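Colleague: compute the structure for the input listed below.
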Amino acid sequence: MRPARVRLAASAWQPIAANTAAAWPREMVAVLGGRREGEAAVVEAIVALTGAGGTRGFAADPVRFLAAEASLRAAGWAWLGFVHSHPGGTAAPSALDRATLWRGCIQLVVGGVDPTRLQVGAYWLDESVPHPLPLAGAAGAA
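Modeller: As a prediction, the model looks like this:
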């Protein structure tokens with residue numbers, strides 16, 4: 001069920017920003033963990049899928065995804081979705097994203113002209129339509 005809004009805890013934003021900078025100029029991709037709080041999804045943790053990002057997209061290996069999701073569960077978090085970056089681009093789903101991202105989960109997209117000036121947007125995809133979700137808590141919320 002689509003949340004009405006997303007709250008991004010500092011415990012998740014800091015590693016998102018750090019992993020985005022470390023992967024630059026390649027895309028960063030990670031799995032989101034957290035909890036539902038009423039109509040909000042609260043992102044509390046991430047598990048990076050190292051080696052998944054390229055310069056024109058990413059591919060999440062199913063074995064690494066399963067290991068990341070198991071790691072979140074072991075820490076007491078529910079799987080909420082994914083985050084990936086658009087180095088030098090916008091914090092919105094690209095045409096490739098709209099065609100290939102998983103449906104029915106949160107998709108955070110991190111964009112920016114350089115890794116010190118990042119913005120993040122939250123989305124939910126139904127079919128190929130990205131629905132923006134109000135986002136609170138991230139320093140660069142778009």
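Colleague: give me the nearest residue to residue 5, chain neighbours excluded.
Modeller: What sits nearest to residue 5 in space, not counting adjacent residues and going by C-beta to C-beta, 6 or more residues apart in numbering, is residue 134, at 4.2 Å. All C-beta spots, glycine's among them, are computed from the backbone N, C-alpha and C.
Colleague: and that neighbour, how far is that from residue 104?
Modeller: Using C-beta to C-beta, to the nearest Å, one obtains 19 Å as the distance from residue 134 to residue 104.
Colleague: that older thread, so what's the residue count around the residue nearest to residue 5?
Modeller: Per other C-beta atoms under 10 Å, the neighbour tally for residue 134 reads 12.
Colleague: that one against residue 4, yeah?
Modeller: Yes. Assessed by C-beta atoms under 8 Å, residue 134 is found in contact with residue 4 at 7.5 Å.
Colleague: spatially central residue in the protein, please.
Modeller: With distances taken as C-alpha atoms, centre = their mean, residue 83 lies nearest the centre of the chain, 1.4 Å away.
Colleague: helix or strand: which one has that one?
Modeller: Element membership for residue 83 (DSSP states H and E) is strand 78-87.
Colleague: try residue 116
Modeller: If you go by DSSP H and E, residue 116 is not part of any helix or strand.
Colleague: so for the residue lying closest to it once chain neighbours are set aside, what's the pLDDT?
Modeller: For residue 116, ignoring the flanking residues on the chain, the nearest one in space by C-beta to C-beta, 6+ apart is residue 21 at 7.6 Å. Reported pLDDT at residue 21 in the predicted model: 94.
Colleague: wait, a helix at residue 21?
Modeller: Yes. Residue 21: assigned to a helix according to DSSP: H, G, I helix; E, B strand; the rest coil.
Colleague: count of neighbours near residue 15?
Modeller: 17.
Colleague: the residue lying closest to it once chain neighbours are set aside: neighbouring residues, count only.
Modeller: Leaving aside its chain neighbours, residue 15 sits nearest to residue 46 (5.3 Å; criterion: C-beta to C-beta, 6+ apart). Per other C-beta under 10 Å, the neighbour tally for residue 46 reads 29.
Colleague: so residue 46, which state does it fall into?
Modeller: strand.
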